[in-house]
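Visitor: pasted the sequence and its predicted model underneath.
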Amino acid sequence: MSKAFEFTIKSLPFDENYHPADNTRATTNFANLARGNNRQENLRNALRMIDNRFNALAHWDNPARDRYTVALEIISVELNIDAEGNNDAFPLIEILKTNIIDRKTNQRIEGIVGNNFSSYVRDYDFSVLLLEHNKTQSAFSTPDDYGVLHGKLFKSFLNSDAYKSNFNKPPVICLSVSHTKTYQRTDNQHPVLGVEYRQDEYSLTDQYFKEMGLQVRYFMPPNSVAPLAFYFIGDLLSDYTNLELISTISTMDTFQKIYRPEIYNANSVAGAHYQPSLKHQDYSLTQVVYDREERSRLAVEQGRFAEAHFIKPYQTLLEQWSAKYAA
């Protein structure tokens, strides 16, 4: 990494007392839950859902389904920019780290880093750059080198001393499947990840994460109603323990039930040929309040923030660094 760029990692517990930091992206999913009159009840309900889901999946030697609890940390990554005599810090990425508390053995087990993924630069790419590009196109397309800078920044973070000194394994990011694609159920089944689905064509998000060095597989865990998209490096099925995988599934399956109830809290299970739909009407709501309209509106505002405070001021420096960067 150029000496002009260095990464700083900060950690904050995500619990019922969580308050978003001033530089947290307002659209970050966990920040959305922690605002308003119902903030503490929201957080308690979400954390209880995560623990219940974990214990349902980690059912062996767990007859009362209460052996484990998941402790979450919000990992904030700042990019420190030393340019033109100024030392600025830009809030680059926020991810989640899972930790597993075994009440039977009083052991704290390290989970997986990644899970949720938030990025100002991604907001810029999706909510500003992509929209402006397509205003002048007759058919939908992506700009040249779309996602390349963001991908190089992410890969540089994973290769940094900051990442290696804090985390033992590569990240796993777990997102909703695309409502524009159709997924086919396969015969492959994992005891924790569940039934694997495949698709013939990657979504825009899949392609974007490929630029970040991440491949994708789609699995529908036991007692879920739709597959999740798992983005990872290496071998998802053998590089992580069952408890590590369960910590990601329980966390992100819970969040998706809150954010995408039409898909992940539907009252019917995905079939062999499955196309998700946000217009699906037969679903249940959780007891967690989530403002999805606000999230969409703020994504544009935060994309503009990235443009004004990162992309434009450091455009020359970023272009020079990107041209020289070798993965």
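Guide: That came through, no problem. Residues are numbered from 1 along each chain as shown.

Visitor: so what's the residue count around residue 199?
Guide: By the criterion of other Cβ atoms under 10 Å, residue 199 has 19 neighbours. (Each C-beta comes from the backbone N, C-alpha and C, glycine too.)

Visitor: please report how far it lies from residue 211.
Guide: Separation of residue 199 from residue 211 (Cβ to Cβ, to the nearest Å): 19 Å.

Visitor: right, and residue 231 touches residue 177 too?
Guide: No. Judged on Cβ atoms under 8 Å, residue 231 makes no contact with residue 177 at a distance of 11.7 Å.

Visitor: which stretches of the stretch 1-150 of the chain have low pLDDT?
Guide: 1-4, 21-32, 34-36, 83-87 (pLDDT under 70).

Visitor: what sits up against stretch 151-158?
Guide: 1, 5, 7, 77, 79, 92-93, 119, 121, 163, 170-171, 208, 210-213, 233, 322, 325, 327 (Cβ atoms under 8 Å, 6 or more residues apart in numbering).

Visitor: now do that stretch: distance to the chain's middle.
Guide: Mean-position distance between stretch 151-158 and its chain equals 15 Å (Cα atoms, centre = their mean, to the nearest Å).

Visitor: coming back round to it: which of residue 231 and residue 177 has more neighbours?
Guide: Ranked by neighbour count (other Cβ under 10 Å), residue 231 and residue 177 place residue 177 first, with 28 against 23.

Visitor: helix or strand for residue 54, which one?
Guide: Residue 54 belongs to helix 39-57 when assigned by DSSP states H and E.

Visitor: you'd agree residue 259 is up against residue 116?
Guide: No. Residue 259 lies out of contact with residue 116 (Cβ under 8 Å); the separation is 10.1 Å.

Visitor: could you pull out the strands for the stretch 51-200 of the chain?
Guide: 68-83, 86-102, 107-119, 172-176, 183-190, 194-198 (DSSP state E, counting those that start in this stretch).

Visitor: the fourth one packs against which elements?
Guide: Which is strand 172-176. strand 107-119, strand 228-232, helix 242-259 (3 or more Cβ pairs under 8 Å, 6 or more residues apart in numbering; DSSP states H and E).
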